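*Asks:* Predicted structure and sequence below. I'll ask about it afterward.
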Amino acid sequence: MSGEAKVPGSRLLTFAAWSVLVLGLWLWGREITGVQIPVPGQAGGPAAAGMPAAHTPLGPAAPARVDVPSLGVQAPVIVRDLDAKGAIEPPPYENPGTVGWWRGGAQPGTAGTALLVGHVDTQSKPAVFYGLSSAKPGDKVRVVRADGSVAEFTVEDVRVHERAGFDPAKAYGPRVRGRAELRLVTCGGAYDKAAKEYTANVVVSAYLTGVGVRPGTAA
């Protein structure tokens, strides 16, 4: 799809570019503070044509790993908080294969929207979410959780949100009341060499459609 990030030679995603991304998450997080989360079990309305039905939200458990088989992604997940400036701490640049989970949002599998963020590239190679914009509706996203359960999500859509006029509530807000939803987020669009940043965010939206148990974990 248009907006897929290409990796120019010898550069690193700038702090300024990342700040625009995470500031949107922070503003969205402030907007939902104090909003009552619907009780688990209210999985929302019928699924779109050809898409599986939403699964009842799960109990709480932090994410440990995220797998996106169609993109070849298999990455550890680490907790991210807000820094002193009120922005979400990005995953460490020295670990480009790591995904960050924003602790201020929902835990993947619970009712609400869980946010997983990752870099698109490094100075010399693609990072964990480089291929994110090529995800397609129906693709599976599996989140291995700390309790041994595996929350399976189905991709609903992929959108490229331009930074100009960016609406965090539209990008990250829940689509269906009471549903367990997931957003995978990275930078995308065109790369502005003058500003040394991307012009958009890639946001993959998915919702919980199944649950399993990690191999080797007692049921």
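*Replies:* Yep, that arrived. Numbering: from 1, shown residues only.
*Asks:* and the longest strand for this protein?
*Replies:* strand 197-213 (DSSP state E).
*Asks:* Just to check, Arg163 is in contact with Cys187?
*Replies:* No: taking Cβ atoms under 8 Å as the definition, Arg163 is not a contact partner of Cys187, at 9.2 Å. No exception for glycine: its C-beta is placed from N, CA and C like everyone else's.
*Asks:* So for those two, which residue has more residues nearby?
*Replies:* For Arg163 versus Cys187, neighbours defined as other Cβ atoms under 10 Å are more numerous around Cys187 (27 against 17).
*Asks:* could I get the longest strand of the chain in CSV with only the CA atoms?
*Replies:* The C-alpha coordinates for strand 197-213 follow below in CSV (Å, rounded to 0.1, in the frame of the first residue of the first chain):
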residue,chain,number,x,y,z
GLU,A,197,11.6,12.5,9.8
TYR,A,198,8.7,10.5,8.3
THR,A,199,5.6,12.3,7.3
ALA,A,200,3.0,9.8,8.7
ASN,A,201,2.3,7.0,11.1
VAL,A,202,1.4,3.5,10.1
VAL,A,203,-1.4,2.0,12.3
VAL,A,204,-2.5,-1.6,12.1
SER,A,205,-5.8,-2.2,13.8
ALA,A,206,-6.8,-5.7,15.0
TYR,A,207,-9.3,-7.2,17.4
LEU,A,208,-9.3,-10.4,19.6
THR,A,209,-10.7,-13.4,17.8
GLY,A,210,-9.2,-16.4,19.7
VAL,A,211,-7.1,-17.6,22.6
GLY,A,212,-4.6,-20.4,23.0
VAL,A,213,-1.9,-21.6,25.3
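*Asks:* Does anything pack onto it? Which helices or strands?
*Replies:* helix 15-32, strand 140-145, strand 149-162, helix 168-172, strand 180-192 (3 or more Cβ pairs under 8 Å, 6 or more residues apart in numbering; DSSP states H and E).
*Asks:* Which elements pack onto the second one?
*Replies:* By that I understand strand 140-145. Using 3+ Cβ pairs under 8 Å, 6+ apart: strand 140-145 touches strand 63-68, strand 149-162, strand 180-192, strand 197-213.
*Asks:* Sheet partners, orientation included, of that strand?
*Replies:* Partners of strand 140-145 in the sheet, by DSSP bridges, are strand 63-68 (antiparallel), strand 149-162 (antiparallel).
*Asks:* The ones you listed: which one's closest to Ala194?
*Replies:* Judged by Cβ to Cβ, the one of the strands paired with strand 140-145 that comes nearest to Ala194 is strand 149-162, at 16.8 Å.
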